[in-house]
Structures are given as C-alpha cells and as structure tokens.
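Visitor: next one to model:
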Amino acid sequence: MDHGAALAIKAREYAELHAFDGFNDEDRAMLERIQASSERRRSERLAALEQEGVQAPALNNQAGPHDGAPEQEDEDMQLE
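Guide: Residues are numbered from 1 along each chain as shown. I've put the predicted structure just below:
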C-alpha cells in the first residue's frame, strides 16, 4: 500500500470516529441507523450483482467513467 492510500484510510477512520461529535444521543443513534441501513443496502446490491455475474466497480469510493461520474452529471445538467 502506498503512502497516499495509507493516509486516505487513516483520514477516513478519523472522520468516522469523529463524525458524530456535537450530536445529542438521539441524533447520533438516528445517524448510525441511517449509515447501517445504507451500508446494508449497498452490500445487498453488490451481492445481487455478483449473483448475476456482473463485476462490481472497485470499492474505493471514487467515481469512474461508467458509474455516474460527476462529468456525466455536469453534461446532464447542461442539457436541461
């Protein structure tokens, strides 16, 4: 793993640890449920794709050329 990737992982871990600073317990619990639900749906979609034999995109949280990349969204907005 290169140094940049290691720093990115550490930054993400830090952000996750401190994501709920400043929230009360009720808000924190709600946000944690939303995150868990979102991750569960994502896992279910990936599993369904794998069962269909579709290769899932890399899981590095970066948009690629065929997965709703910002460039495409910008073009769509210009057409409207």
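
Visitor: on the three-state scheme, Gly22 is what?
Guide: Classification of Gly22 by DSSP: H, G, I helix; E, B strand; the rest coil places it in coil.

Visitor: what about it, distance to Leu31?
Guide: Relative to Leu31, Gly22 is positioned 11 Å away (CB to CB, to the nearest Å). To be clear about C-beta, it is placed using only N, CA and C from the backbone, and glycine gets the same treatment.

Visitor: neighbour count for these two, which is higher?
Guide: Leu31 (13 against 8; other CB atoms under 10 Å).

Visitor: relative to Asp25, how far out is that one?
Guide: 11 Å.

Visitor: for Glu13, same thing?
Guide: For Glu13, the distance to Asp25 - CB to CB - is 22 Å.

Visitor: then Arg40?
Guide: Separation of Arg40 from Asp25 (CB to CB) stands at 22 Å.

Visitor: what about Ala11, helix or strand, and which?
Guide: Applying DSSP states H and E as the criterion places Ala11 in helix 3-17.

Visitor: what of Arg28?
Guide: Element membership for Arg28, per DSSP H and E: helix 25-51.

Visitor: and the angle from that helix to helix 3-17?
Guide: In terms of direction (axes from the mean of the first three to the mean of the last three CA atoms, to 10 degrees), helix 25-51 departs from helix 3-17 by 130 degrees.
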